[in-house]
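Student: One predicted model, sequence on top.
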Amino acid sequence: MALSHDQLHRWAERGDPVHAWYSYEMVKEAFTPSRLNGMTCAVYPQGSYANKTNIVSDSDVDMVIALRSAFYPQKRELSTRELEEYDKYYERASVTWRDFREVVVRALRPDFFLEEGDKAVKVRSGLIRLPADVLIALDHRYYKSFPSFAGQQYIDGVQFYLPGGREIVNYPKRHMRACAQKNDRTSGRYRRVVRIAKNARNSLVTDDATPIGGGTAPSYFLESLLWNVPDSRYGGGLDQAYRQAIGWLRENSGSLAGMRFPNGMGPLFGETPDTAWSQPKARAIIQALDRQLNS
């Protein structure tokens, strides 16, 4: 049976942001200057809660704590003269990401139950309804130019490591800005369409009649995929916007290689270490969502 108007509108609803906000604030309060040894840090939300694409079944809150007093520079675009200028003002920091991670974990232990994963630390407590996934990182700066200290230009990101020492660089703030701008340009329909797609994916995963596994379309990649749909395909009512977006992806599934992450820092299906998605998986979810709409 094709999806009904009522079903699409239920799936477009945002999950309760109050419990997510409360969990975020409770965890954030643990990061006092004394617990962090006086380190200067930035704490901010990321993921579906921050992007307002969270759905009712979302089970955690994603957040970042990034050290600001030390950063990793990417200087490949700087000229020799610019590198010399950079070296006048910055030197190698003594604090490493592993040092900072240990400090953050110690800060959390008195108040929460912790489960350390490959990327983030899952934080639980009887006082918060939703657990939080805390990404511990150092600031990353992708330098575009360094003519002088006052004139330096760089793109803000974060950097952390996976087991085995694999370096990962993300740009969560750029992702959030790009998605917010997309939502504004589509009169609020982009985020609602993403929420429909996430609920539709969850329905497919639990449907024995479909070959979609739980890892076929992670939320971050599904959100990024829909970001690549032209703004014009989000016109009309919500039902029409969702159908047009999925239809465009079906029609253009042969052009996935040209799609990019919302942060603008690389291809959606590139060769970066953090690329956990593939074009075959993307085509599988596009086909399944299209069949679900029209069956």
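Tutor: Now that the structure is in, tell me what you want to look at.
Student: and the spatially most central residue of the chain, what does it touch?
Tutor: Geometric centre of the chain, nearest residue: Gly47, 4.4 Å, by Cα atoms, centre = their mean. Residues near Gly47 by Cβ atoms under 8 Å, 6 or more residues apart in numbering: 54, 61-62, 133, 219-220. Every C-beta, even on glycine, is put in place using the N, C-alpha and C of the backbone.
Student: Among those residues, name the ones in helices.
Tutor: Mapping the contacts of Gly47 onto helices (DSSP state H) picks out 219-220.
Student: where does Tyr142 fall, helix, sheet strand or coil?
Tutor: Under DSSP: H, G, I helix; E, B strand; the rest coil, Tyr142 falls in the strand class.
Student: OK, contacts around it?
Tutor: 74, 154-155, 157, 169, 265.
Student: ok, how many other residues are close to the spatially closest residue to it that is not a sequence neighbour?
Tutor: Closest residue to Tyr142 apart from its sequence neighbours, by Cβ to Cβ, 6 or more residues apart in numbering: Ile155 at 4.2 Å. Counted by other Cβ atoms under 10 Å, the residues lying close to Ile155 total 16.
Student: Show the model's pLDDT score for Ile155.
Tutor: Ile155 carries a pLDDT value of 95.
Student: secondary structure class for it?
Tutor: strand.
Student: wait, doesn't it sit right on Ser145?
Tutor: No. Contact criterion Cβ atoms under 8 Å: Ile155 and Ser145 do not qualify, at 11.3 Å.
Student: For Gln292, see how far away the residue lying closest to Asn199 once chain neighbours are set aside is.
Tutor: Nearest residue to Asn199, sequence neighbours excluded (Cβ to Cβ, 6+ apart): Trp11, at 3.7 Å. Taking Cβ to Cβ, to the nearest Å as the measure, Trp11 falls 11 Å from Gln292.
Student: In terms of neighbours, single out the busier of these two.
Tutor: Higher neighbour count among Trp11 and Gln292: Trp11, with 22 against 19, using other Cβ under 10 Å.
Student: Any figure for the gap between the residue of the chain most remote from its centre and Arg92?
Tutor: Most distant from the centre of the chain: Arg81, at 35.2 Å, with distances by Cα atoms, centre = their mean. Remark: distance between Arg81 and Arg92 (Cβ to Cβ) = 21 Å.
Student: just Phe221 next, same as before
Tutor: 35 Å.
Student: The two: which is more packed in?
Tutor: Ranked by neighbour count (other Cβ under 10 Å), Phe221 and Arg92 place Phe221 first, with 20 against 6.
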